[in-house]
Structures are given as C-alpha cells and as structure tokens.
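Asker: predicted model and sequence follow; I will ask about them next.
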Amino acid sequence: MSAGVVRGWKACGAASQGVQRRSRQEALMSRYKVIREAEFSPKLADYTMVSSLIGLCLTVIGIPIAAVFFVVGKPLVQKWIDRLGCTLTERTLELQSGIFNRVESTIPLEKITDLQMVQGPIMRAMGIKGFKVETAGQSSGPTGYLMSLKGIVDAEGFREAVLDQRDRMSDGGPRDSEDGGPRRRRDAGEDDAAGGGAAAELAEIKASVLRIEALLRERGEG
C-alpha cells in the first residue's frame, strides 16, 4: 500500500471522526444546552501504551503480545482516544468510548453521587489525572463505579463543573441571584445558623403553647 493511499485513508478517518463529533454535539444541543466539552491530553496515548505494555509483560503469555502491541498499538490507541467523549450538559453527563463496540452512556446529573479523582504512579509521572463516575440507582458492575475517564485536560475543573451543575439541579434551577449574579453556595456556618434559627423558633412556639395551657388551667380552676 502506497504512502499516498495511507495518508488519504488517515485523512478520511479524521474527517469522519470530525463529522461524527459535530453531529453528536448538535444532537446534544438539540436536547439540552452543552455547558462543557472535555478535552483529552496528548499524553493519554503515551500513558495508555506504557500501562498496557507493563500489564502485558507481567505474564509470560503477554510478552509476545506486548511485542506486537508495541509495533501496531499506537494507531489503535490514538483511534480509541479520538473516539472518546465526555460532554456536560445542563441535565446530563454524556460519555462515549469504544472503537469497534461503541458505548454511549447518558447519566442524569441527579444520579451522580461523586466523581472520584484518580492518579496512579504512571499518571502522576506523566502529569495526567482522571476520575471515576459513581452513580446511585445504576449498575456499576464489579468495579464499583460506572465508568473511568483518564487524561482529561483540567480534570479537577471539569469535575467541579459537573458537581456544581448537579447542585444547581438539586436546588431546582440555575444557581443565580436576583440581581443576575452567581449565588454562592451556603457554607457550614450558614447551615448551622439556619438550623439554630429554626430551633429557636420551635422553642418559642413551645413556650407559647405552655403559657396558653397554664392560662386555661387557671381559668378552669377559677
């Protein structure tokens, strides 16, 4: 196969991926407003290659497979990364992965219990992070989580964006103040103060009821 044919095949593949990504974003925008689209670090390909080769070399059977994977694995890994997707909308977290077996998951934000940050030694050495999507009421399988995403650029910022939007949903709408500015989240001190005010009101109501009962007894005795 000539180099020109290979370059043409790669160009067609890249164009097809671009069309698929745009059509996916347009489909999401037609349902819900897209808030943030995850970007994946170029270092993710190197991390996937290194971690896969280490895993294969740990077994005798895997050593010859590792030799083949070292030669042909990089294009497959890059294709897998190109088909990764993680989109935050105003109501859902959309996840896409897979080359041959395409997997697309739509997770309602109110079902997300946590996005657990992960960074193993190889990830730390390469300067990338990831998170595990933990949900309530959905099957998470033997791993204890629904899906793991690694190599997201600004993973901590994306995690905070997802959790903040989830909190907005639980509050019943956008977290905006009456003057149009962002409404800050109540901290523990404010929650304690609100709880203390409610307790004081209950104590005052109880005292009023006791006074009324005392007055009724006095009138009954009189």
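Answerer: In hand now; what should we look at?
Asker: any idea which element the closest residue to Thr92 other than its chain neighbours lies in?
Answerer: Using CB to CB, 6 or more residues apart in numbering and skipping the chain neighbours, the partner closest in space to Thr92 is Thr106 (5.2 Å). C-beta coordinates here come from the backbone N, C-alpha and C atoms, glycine included. If you go by DSSP states H and E, Thr106 is part of strand 103-108.
Asker: what packs against the helix or strand that that strand is followed by?
Answerer: Next helix or strand after strand 103-108 toward the C-terminus (DSSP H and E): strand 112-118. Where contact means 3 or more CB pairs under 8 Å, 6 or more residues apart in numbering; DSSP states H and E, strand 112-118 is packed against strand 130-135, helix 155-170.
Asker: for the ones you listed, which has the smallest mean pLDDT value?
Answerer: Among the helices and strands packed on strand 112-118, strand 130-135 has the lowest mean pLDDT, at a mean of 90.
Asker: what's in contact with it?
Answerer: 93, 95, 107, 111-119, 123, 140, 144-152, 155, 159 (CB atoms under 8 Å, 6 or more residues apart in numbering).
Asker: let's see 6 Å
Answerer: With CB atoms under 6 Å, 6 or more residues apart in numbering as the test, strand 130-135 has contacts from 111-118, 145-150, 155, 159.
Asker: quickly list what the closest residue in space to Gly85 that isn't next to it in sequence is bridged to.
Answerer: Leaving out its chain neighbours, the residue that sits closest to Gly85 by CB to CB, 6+ apart is Gln96, at 3.6 Å. In this entry, Gln96 is beta-bridged to Gly85, Glu104, by DSSP bridges.
Asker: Gln96 contacts Cys86, doesn't it?
Answerer: No. Using CB atoms under 6 Å, Gln96 is not in contact with Cys86, being 7.6 Å away.
Asker: who has more neighbours, the two?
Answerer: Taking other CB atoms under 10 Å, Gln96 and Cys86 do not tie; Cys86 has more neighbours (21 against 16).
Asker: near the closest residue to that one other than its chain neighbours, how many other residues are there?
Answerer: Among residues not flanking Cys86 along the chain, Ala38 sits closest, at 3.7 Å (CB to CB, 6+ apart). Neighbourhood size, Ala38 [other CB under 10 Å]: 21.
Asker: and the pLDDT for Glu218?
Answerer: Taking Glu218 on its own, its pLDDT is 65.
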